[in-house]
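Peer 1: need coordinates for the below:
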Amino acid sequence: MSEPSPTGDTDFLHANKAKLKRGLRRFDVFFLLLCSLVGLDTIGSLASSGHQAFSWLLILALLFFVPYGLIVAELSASFPLEGGQYIWTRMAYGRFVAGITQLVYWLSNPVWVGGTLCVVAMETFSKFVYPLSGVWTYIAGLVFIWAGVVSTSVSLRVGRWVPAAGAWARIVLLGAFFVSTVVYGIKRGVQPLVTGSFTPTYAGLIVLVPVIVFTFVGFELSSSAAEEMENPRRAIPLAVLRSGILSFVMVALPVAGILLVLPNHQVTSLGGFIDACKAVLSVYGSHELPDGSIELTGFGALAGWIAAIGLIVALFTSGVAWGLGESRAQATACADGAGPRFFGVLSEKAGTPVRVNILSGVLATVIMVAALNITEGDTGKYFSAGLNLAISMTMFAYLGLFPALLVLRRKYPDARRPFSVPGGRLGAVAASVVTTAIVLFTLVQLLWPGAGLGWFGSTSHPDDSLPTGFAGERLEYTLTQLVPLVVFAGVGLGFVLIGRHQRGRAAAVDTVTSAPHPEVSMP
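Peer 2: I've put the predicted structure just below:
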């Protein structure tokens, strides 16, 4: 039986929930969160900022990761309803705000899959397995995208194994990478560590905050399938705690390995983790080519091939994990009247939002093809623009999520809260304000990199903070972020207006059909 809803389900949404099939168990929720939190596409970006990445990683873990997890744990335990983030913002601010932010939140997934994950997966395949070029680049991207659509569309009892495989792939890959780093350090030495290089700076914060915050997000995804799991009030908070601790370790260790193995000038946003894998695995067999690059041989080549497959699986399951959560939230929004009902229909057989998933696949394909052509094959530039846009869209949605904690405490003071943010009202206010402020700061830095440089004694120029591939192109970069955000928010508004129109028509039909018919006397 579905959890009683304070939102007052529409008849259409209530009928849709009858199609849901429970298929998530406690460990499934843990694996899902681990896949959503540990995104290997950002590890290179973290390491490329040098040793102070560790300092900011720790600081933002305390200021953002911990309170963020506590907020989601309370909301999930208090309102374990299908749709997760959409339902919480809908209860707090109404359909209009919730519908727009949810649409942008959902669209971040095809942007991320088509504009970032595909790039890293193809780059990995090219470096370790076989070089991709021409039409094969597009074929590889299509396979990557549409295999994800299938994985999110099948029954949850089947689809849940994809995040499970991704979680184990991460554990094995990152564990093997760390062990290989130790072997490499023993045989060939490591880069020297200078204590002063760990000093956090404002210039470093500007570069790192978007990547670190994006690395730390995804706690709310499992809540989108709350009515498809057993005892969500307990399962989700426990999974948030366990996955949060493990994911921090799994991100910190490979960043340490990259910085220990590679000189700073060799670490790039796109290739950092890939290049580090190739470097450490060279201890198992390699030789230097005439151009100075390394070619893995013997067992080193086999280890590189296995690592490449593991990394591609990890990237693929990241997209699937986010797709499983975001597509359910978007389908819930459409079924609730914050979008076209057509996209709110769940599959009778699988109980999944197949229509939303197909639309997501189409959009991801368009983004992949367009970006490859617009950037003329410049994958570094393609990666920077795609990743930052995905982060921008996610931050836009979070501007409503974190303040919702305080709004829902005020609107529903008597709701049962098996878990609450520690510290009472003061603790809730602190968690909500700090996370919202960090999200707002992150969004500003994404739209205008370098904002605030010079205010705190820094001699760096704001243009030094522009992403890879956009040196001297601030206007072009800003347009890659601002224009899509405005367009997607406009699409969200269109979805909300369509949903409102359809609700009005349905209400009118109900009024007519339920009205008493006048008695007609027989002649």
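
Peer 1: average model confidence for stretch 236-247?
Peer 2: The average pLDDT for stretch 236-247 rounds to 90.

Peer 1: residues in contact with that stretch: which ones?
Peer 2: Stretch 236-247 is touched from outside by 26, 29-30, 32-34, 37-38, 65-66, 69, 72-73, 76-77, 80, 219, 222-223, 226, 229, 418-419, with contacts defined as C-beta atoms under 8 Å, 6 or more residues apart in numbering. C-beta: built from backbone N, CA, C; applies to glycine.

Peer 1: again, but for stretch 186-201
Peer 2: Stretch 186-201 is contacted by residues 50-52, 54-56, 59, 184, 259-264, 283, 458 when judged by C-beta under 8 Å, 6+ apart.

Peer 1: quick check: closest non-adjacent residue to L346.
Peer 2: Using C-beta to C-beta, 6 or more residues apart in numbering and skipping the chain neighbours, the partner closest in space to L346 is K19 (4.5 Å).

Peer 1: what of R22?
Peer 2: Once flanking residues are discounted, R22 sits nearest to E228: 5.3 Å by C-beta to C-beta, 6+ apart.

Peer 1: buried residues in stretch 484-502, which are they?
Peer 2: P484, L485, F488, A489, G492, F495, V496, I498, G499, R500, Q502 (16 or more other C-beta atoms under 10 Å).

Peer 1: the first one reaches N388, doesn't it?
Peer 2: What it means is P484. No - using C-beta atoms under 8 Å, P484 makes no contact with N388, being 10.6 Å away.

Peer 1: mind giving me the packing neighbours of the helix or strand where E74 lies?
Peer 2: Counting by DSSP states H and E, the element that carries E74 is helix 66-78. Contacts defined by 3 or more C-beta pairs under 8 Å, 6 or more residues apart in numbering; DSSP states H and E place helix 66-78 against helix 232-261, helix 379-411, helix 424-447.

Peer 1: residue ranges of the strands in the chain, please?
Peer 2: Under the criterion DSSP state E, the chain contains strands at 286-288, 294-296.

Peer 1: what about the lengthiest helix in the chain, average pLDDT?
Peer 2: Secondary structure of the chain per DSSP state H: the longest helix is helix 474-514. Mean pLDDT, helix 474-514: 85.

Peer 1: packing partners for that helix?
Peer 2: helix 95-112, helix 379-411, helix 424-447.

Peer 1: looking at the ones you listed, which is closest to V119?
Peer 2: helix 379-411 (4.8 Å; C-beta to C-beta).

Peer 1: just the buried residues of the closest one, please?
Peer 2: Counting neighbours by 16+ other C-beta under 10 Å, helix 379-411 gives 379-398, 400-409 as buried.

Peer 1: what do you get for stretch 273-291?
Peer 2: Neighbour-count burial for stretch 273-291 [16+ other C-beta under 10 Å]: 273-286.

Peer 1: can you check stretch 410-427 too?
Peer 2: R417, F419, S420, V421.

Peer 1: now do the longest helix of the chain against helix 424-447, angle only.
Peer 2: Using axes from the mean of the first three to the mean of the last three C-alpha atoms, to 10 degrees, the inter-axis angle of helix 474-514 relative to helix 424-447 is 130 degrees.

Peer 1: offset the numbering so it begins at 6, please.
Peer 2: Yep, numbering from 6; the last one is helix 479-519 now.

Peer 1: helix 479-519 versus helix 384-416: what angle between them?
Peer 2: 40 degrees.

Peer 1: the residue nearest to L351: how many residues sit nearby?
Peer 2: K24 has 14 neighbours, counted by other C-beta atoms under 10 Å.

Peer 1: over to S81?
Peer 2: 28.

Peer 1: confirm for me that it is in contact with P237.
Peer 2: Yes - when contacts are counted by C-beta under 8 Å, S81 is listed as touching P237 (6.7 Å).

Peer 1: distance between stretch 467-481 and the chain's centre?
Peer 2: 24 Å (C-alpha atoms, centre = their mean, to the nearest Å).

Peer 1: all the helices of the stretch 106-255 of the chain, residue numbers only.
Peer 2: For the stretch 106-255 of the chain, helices defined by DSSP state H, counting those that start in this stretch occupy the ranges 123-133, 140-158, 161-164, 166-193, 207-220, 237-266.

Peer 1: which non-adjacent residue is nearest P454?
Peer 2: With C-beta to C-beta, 6+ apart, the residue lying closest to P454 is S470, at 4.0 Å.

Peer 1: ditto for R100
Peer 2: Once flanking residues are discounted, R100 sits nearest to A343: 4.6 Å by C-beta to C-beta, 6+ apart.

Peer 1: and the one you found, how far from V167?
Peer 2: For A343, the distance to V167 (C-beta to C-beta, to the nearest Å) stands at 28 Å.

Peer 1: between these two, tell me which one has more neighbours.
Peer 2: More crowded of A343 and V167, by other C-beta under 10 Å: A343, with 31 against 26.

Peer 1: isn't the more buried one right up against R95?
Peer 2: Yes - here A343 lies in contact with R95, judged by C-beta under 8 Å, at a distance of 7.2 Å.

Peer 1: so what sits against both of those two?
Peer 2: By C-beta under 8 Å, 6+ apart, A343 and R95 have these common neighbours: A103, G104.

Peer 1: ok, back up a step: could you tell me the angle between the longest helix of the chain and helix 100-117?
Peer 2: 130 degrees.

Peer 1: now stretch 256-266: average pLDDT?
Peer 2: pLDDT averaged over stretch 256-266 gives 79.

Peer 1: overlap of the contact sets of S81 and P237?
Peer 2: By C-beta under 8 Å, 6+ apart, the residues touching both S81 and P237 are S228, A231.
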